[in-house]
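Colleague: Here's a sequence, model it:
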Amino acid sequence: MEIRQMRYFVALAETLHFGKAAARMNMTQPPFSRQIAAIEREMKVELVVRNSRHVALTLAGQRFLDDARRVLALLDAACRDARLVSQGQIGELRLGFMMHAAHRLVPDIIRRYAQIRPNVKIVLAETTPGNIRQQLAQGELDAAITFAEPMAPEFDSISILTDQLCLIAPSGHPLALRDKIRASDLEDVDLIVAPEHIASPLYAAIMQYCQTAGFVPAIKFAPHLQHTIVRLVAAGLGVGLVPASICDDTMSEVVVRPLEFPPSFEVVLTFAQNSINPAVAALVEMFEDGGTTVADRSGA
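Modeller: Okay, here's the model as predicted:
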């Protein structure tokens with residue numbers, strides 16, 4: 001049985017009139033009547049009782065009407081959902097992000113995206129920049145917020161934030177008493193920074209900053225997470241160089257100090273040029289249209 005035949009029967013059951021049902025389906029009555037008869041022959045069931053003045057459903061016809069309506073509703077919903085997915089209106093968006101971006105940047109992006117795509121489920125993957133590169137390449141993420149760095153040619157990036165380094169120190173540390181930190185002030189100071197394989201742009205910025213003052217930094221600990229760096233600094237185990245975007249009034253356990261001539265680096269939205277997920281387009285358009293976020297000011 002074809003779907004159109006099921007629609008013919010529903011039209012007849014709702015009008016109980018062959019002429020009116022045929023008109024609803026944009027048909028003349030004779031071919032419409034033949035279609036109903038063909039359904040009954042195929043099913044080997046009498047669905048309607050008809051005479052010259054009256055059309056009524058049999059018990060089998062009443063049951064078939066209920067089931068046909070459910071089938072057609074499911075089919076219509078499936079067609080509608082397929083169209084909405086193709087338009088990026090529903091579906092799923094797998095968004096990866098660096099852990100320190102969760103501080104202010106990611107909540108604002110999610111809020112804005114949810115306003116324009118409320119029916120798209122956002123699946124968040126909080127990880128490190130090194131893992132983000134791998135997950136994007138393997139197709140495990142649709143897009144990611146990470147540091148700007150060379151990517152495979154099939155990926156594009158849009159700058160969403162210019163961040164810069166700042167110093168965090170435990171309360172009472174000599175550097176915590178200064179208004180601004182020079183690169184030379186960091187010589188022979190125990191530093192706590194993320195390792196190169198985890199956040200290579202951040203690591204490179206730290207190394208270059210110290211080398212401009214003529215020394216190689218003394219890295220005491222190299223944890224993977226920026227928040228772990230904060231906790232180690234708070235425990236008095238050294239000072240940290242971290243993105244300014246995570247430094248605000250909530251970091252009461254450490255002292256935040258600006259750097260003189262601080263290195264800056266870009267935070268970008270990275271995505272596949274030919275992504276098969278239509279939900280990515282709306283995320284990209286948020287930044288291509290020049291929209292700003294609360295984090296746009298964090299590196300200032």
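
Colleague: Give me the buried positions along stretch 184-198.
Modeller: The neighbour-count check on stretch 184-198 (16 or more other C-beta atoms under 10 Å) flags D185, L186, V189, L191, I192, V193, A194, P195, I198 as buried. Just so you know, the C-beta spots here come from the backbone N, C-alpha and C atoms, and that holds for glycine as well.

Colleague: out of those, which one sits closest to G61?
Modeller: I198 (68.0 Å; C-beta to C-beta).

Colleague: Tell me the first helix or strand C-terminal of the top strand by length along the chain.
Modeller: Longest strand in the chain, counting residues (DSSP state E): strand 155-169. The element immediately downstream of strand 155-169 (helix or strand, assigned by DSSP states H and E) is strand 190-192.

Colleague: Sort out which residues of the helix or strand where V71 lies are buried, please.
Modeller: Applying DSSP H and E as the criterion places V71 in helix 59-86. If you call a residue buried by 16+ other C-beta under 10 Å, then helix 59-86 has these buried ones: G61, F64, L65, A68, V85.

Colleague: you'd agree the fourth one is up against F9?
Modeller: Yes: under the contact definition of C-beta atoms under 8 Å, A68 touches F9, with a separation of 6.2 Å.

Colleague: Okay, domains of this protein per the record?
Modeller: 3-86, 91-160+266-297, 162-265 (automatic domain parsing).

Colleague: mind checking how far the shortest one is from the chain centre?
Modeller: If I follow you right, that is domain 3-86. Centroid separation for domain 3-86 versus its chain: 43 Å, with C-alpha atoms, centre = their mean, to the nearest Å.

Colleague: what's the helix holding V71 packed up against?
Modeller: Helix 59-86 sits against helix 3-15, with contacts defined as 3 or more C-beta pairs under 8 Å, 6 or more residues apart in numbering; DSSP states H and E.

Colleague: what does the next helix or strand after the helix it packs on rub up against?
Modeller: Toward the C-terminus, helix 3-15 is succeeded by helix 18-24 as the next helix or strand (DSSP H and E). Here helix 18-24 makes contact (C-beta atoms under 8 Å, 6 or more residues apart in numbering) with 8, 11-12, 14-15, 28-29, 31-33, 36, 50, 55.

Colleague: okay, how far is it across stretch 267-276, tip to tip?
Modeller: Counting by C-alpha to C-alpha, to the nearest Å, you get 24 Å between the two ends of stretch 267-276.

Colleague: That's all I had, so thanks and see you.
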